[in-house]
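Enquirer: got a predicted model here, sequence first, then my questions.
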Amino acid sequence: MTVQKLMPLVQELQPHDMVNFLYANGADYCRDSVEWTTTNHPNDVSEIDVWCEDGFVKMFYDIKGKLTRYEIED
């Protein structure tokens with residue numbers, strides 16, 4: 001799994017669909033609830049972390065499963 005392959009899907013897929021996609025494609029990922037809120041991000045309730053061949057992606061979702069933000073690290 002590469003960041004380039006993952007990014008077009010980040011905004012389109014709900015959390016459960018993203019996890020299904022990651023599992024089906026053998027990606028290294030972790031899904032967890034957000035244990036504390038961060039400044040300016042009080043709506044984040046769940047997080048999916050994906051270790052890609054060329055980077056690391058963190059996706060955050062609200063209670064309704066809508067993507068609130070994502071972060072990419074090299």
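Expert: Now that the structure is in, tell me what you want to look at. Numbering: from 1, shown residues only.
Enquirer: find the nearest non-adjacent residue to Gln11, please.
Expert: Leaving aside its chain neighbours, Gln11 sits nearest to Leu67 (6.0 Å; criterion: C-beta to C-beta, 6 or more residues apart in numbering). Glycine gets a C-beta too; all of them are placed from N, C-alpha and C.
Enquirer: so what sits opposite the one you found in the bridge?
Expert: Tyr61 (DSSP bridges).
Enquirer: quick one: residues contacting the most centrally placed residue in the chain.
Expert: Centroid-nearest residue in the chain, with C-alpha atoms, centre = their mean: Met59, separated by 2.8 Å. Met59 makes contacts with 10, 15, 18, 47-50, 67, 69-70, as judged by C-beta atoms under 8 Å, 6 or more residues apart in numbering.
Enquirer: 6 Å - rerun?
Expert: 10, 48, 70 (C-beta atoms under 6 Å, 6 or more residues apart in numbering).
Enquirer: narrow those residues to those in strands?
Expert: Counted as lying in strands by DSSP state E, out of these, are 48, 70.
Enquirer: tabulate the contacts of Met59 in a markdown table, adding columns for distance to Thr2.
Expert: As requested, the contacts of Met59 are exported to a markdown table (distance: C-beta to C-beta, whole Å):
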| residue | distance to Thr2 |
| --- | --- |
| Val10 | 13 |
| Ile48 | 16 |
| Tyr70 | 15 |
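Enquirer: quick one: which of the contacts of Met59 has the most company?
Expert: The most neighbours of any of these, using other C-beta atoms under 10 Å, belong to Ile48, which has 21 neighbours.
Enquirer: identify the bridge partners of that residue.
Expert: What pairs with Ile48, by the bridge criterion (DSSP bridges), is Arg31, Met59.
Enquirer: surely it touches Asp32?
Expert: No: in this structure, Ile48 is not within contact of Asp32 by C-beta atoms under 6 Å, at 8.1 Å.
Enquirer: what do the two both touch?
Expert: Counting by C-beta under 6 Å, 6+ apart, nothing touches both Ile48 and Asp32.
Enquirer: that older thread, mind putting the contacts of Met59 in JSON lines, distance to Trp36 and pLDDT included?
Expert: Output for the contacts of Met59, formatted as JSON lines (distance: C-beta to C-beta, whole Å; pLDDT from 0 to 100):
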{"residue": "Val10", "distance to Trp36": "23", "pLDDT": "96"}
{"residue": "Ile48", "distance to Trp36": "17", "pLDDT": "98"}
{"residue": "Tyr70", "distance to Trp36": "18", "pLDDT": "96"}
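Enquirer: sweet, I'm off.
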